[in-house]
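Student: here is a sequence with its predicted model. Questions after.
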Amino acid sequence: MSTMERAHVVRGVDHAAFPTFDPRGTITFYRDVLGFPVVHATCALGWGPGDHPDFIHFFFDIGNGDRLAFFYYFGVEPYRDTAIPELIHRARHLAIHVDSEEHLQEYRRRLDASDWPCELQVRHETVESIYVTDPNGYLMEITRPLRAITVEDDIDANVSVDALMDVTGEDEPTLEKFFARKARLIAERYAGEAELVTFA
Amino acid sequence: MTVLYVLDVDDFRPLAEVASKAPDTTVRRRGPYLEVEAAGEIRIERDATGCRNAVWYSSVAAVESGRVSRWDKVELVVTPRGDAL
């Protein structure tokens, strides 16, 4: 048992689930446009006692054995949170991985030939992504790696989250305070290791 | 004295290289980072680095004894400040 303590044994996404009030649009978009196979559907009378509505819980294969799922509730009025700021609304998104530029372009082609054309294509630092809003108003991203993630990236990420923990534990966190805190962590962790670098 | 850290990977190394060409500026390797130290401000022209947009705007790892006073499509400027945060 002790060997399991703190072991990192999770294996990716089993499924991520979202409500839909437009199952026809959702099935058209994910199954017919993107070509994601339907792999499971639970068709259920409301759960247990109470007023839980009858529903269909249906799943699309998004590769790697992972699944994207939706709930459609019979008789429930469509709800959309119109008060949510656009920034926050679009921060919530699902990014699906492809391995290559060819594969990314293929999904862009499928979207552009549909009623949901690609809205944006961006080369980020380590990935290139296409973005589209699905029939439910959810932002969806498909992304491919531009370079391998290195051990340096992982170290930097850990220093960053340590600095973020520190500055968000204090009043009025800012990027400036974050950069300063991170600099101090770097100086502490790598004290005495500096060697001069010259560029040819 | 102003210190700018960038991660020592292909994407961000050009910032340190461009900065190193200014007088009174030294670059050291500190762990996985390049530590750019200048007597005064550090100015890095984006065009000289060849960084595309997303790389440019994620290129700063950390700043000591200074603050980012300009970071736009033209240049990154780190200005010295006496009062450490």
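Tutor: Ah, there it is. Numbering: from 1, shown residues only, chains lettered A, B, ... in the order given.
Student: and the longest helix for chain B?
Tutor: Ranked by residue count, the top helix of chain B under DSSP state H comes out as helix B:13-20.
Student: and the helix or strand just after that one, is it in reach of chain A?
Tutor: Using DSSP states H and E, the helix or strand that follows helix B:13-20 in sequence is strand B:25-30. Yes - Strand B:25-30 is in contact with chain A by CB under 8 Å from any CB of the partner chain, via B:Thr26, B:Val27, B:Arg28, B:Arg29, B:Arg30. Heads up, the C-betas are built off the backbone N, CA and C, glycines and all.
Student: pipe those residues into TSV and attach neighbour count and pLDDT per row.
Tutor: Shown next, in TSV, are these (neighbours: other CB atoms under 10 Å in any protein chain shown; pLDDT from 0 to 100):
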residue	neighbour count	pLDDT
B:Thr26	15	96
B:Val27	24	97
B:Arg28	17	96
B:Arg29	16	95
B:Arg30	21	95
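Student: and residue 81, how many neighbours?
Tutor: Chain wasn't specified; assuming chain A. The number of residues packed around A:Asp81, counting by other CB atoms under 10 Å in any protein chain shown, is 8.
Student: please refer instead to chain B.
Tutor: Per other CB under 10 Å, the neighbour tally for B:Arg81 reads 15.
Student: and it, what does it touch?
Tutor: B:Ser65, B:Gly66, B:Arg67 (CB atoms under 8 Å, 6 or more residues apart in numbering or on different chains).
Student: doesn't the last one lie inside a strand?
Tutor: Yes - the assignment for B:Arg67, made by DSSP: H, G, I helix; E, B strand; the rest coil, places it in a strand.
Student: that one and B:Thr79 touch, don't they?
Tutor: Yes - here B:Arg67 reaches B:Thr79: they are 5.9 Å apart, a contact under CB atoms under 8 Å.
Student: pick out whichever of the two has more residues nearby.
Tutor: B:Arg67 (18 against 15).
Student: and the more buried one, how far from A:Ala180?
Tutor: Applying CB to CB, to the nearest Å, the value for B:Arg67 to A:Ala180 is 8 Å.
Student: what lies in contact with the helix or strand that contains A:Cys43?
Tutor: Assigned by DSSP H and E, A:Cys43 falls within strand A:38-44. For strand A:38-44, contacts defined as CB under 8 Å, 6+ apart pick out A:Ile27, A:Arg31, A:Asp54, A:Phe55, A:Ile56, A:His57, A:Phe58, A:Phe59, A:Phe60, A:Asp61, A:Arg67, A:Ala69.
Student: in these, find the pair that's most separated.
Tutor: Using CB to CB, the two most remote members of the contacts of strand A:38-44 are A:Asp54 and A:Asp61, lying 24.9 Å apart.
Student: residue numbers of chain B in contact with chain A?
Tutor: Counting by CB under 8 Å from any CB, chain B sits next to chain A at B:3, B:5, B:7-11, B:16-17, B:20, B:26-35, B:52-55, B:58, B:60-64, B:67-68, B:84-85.
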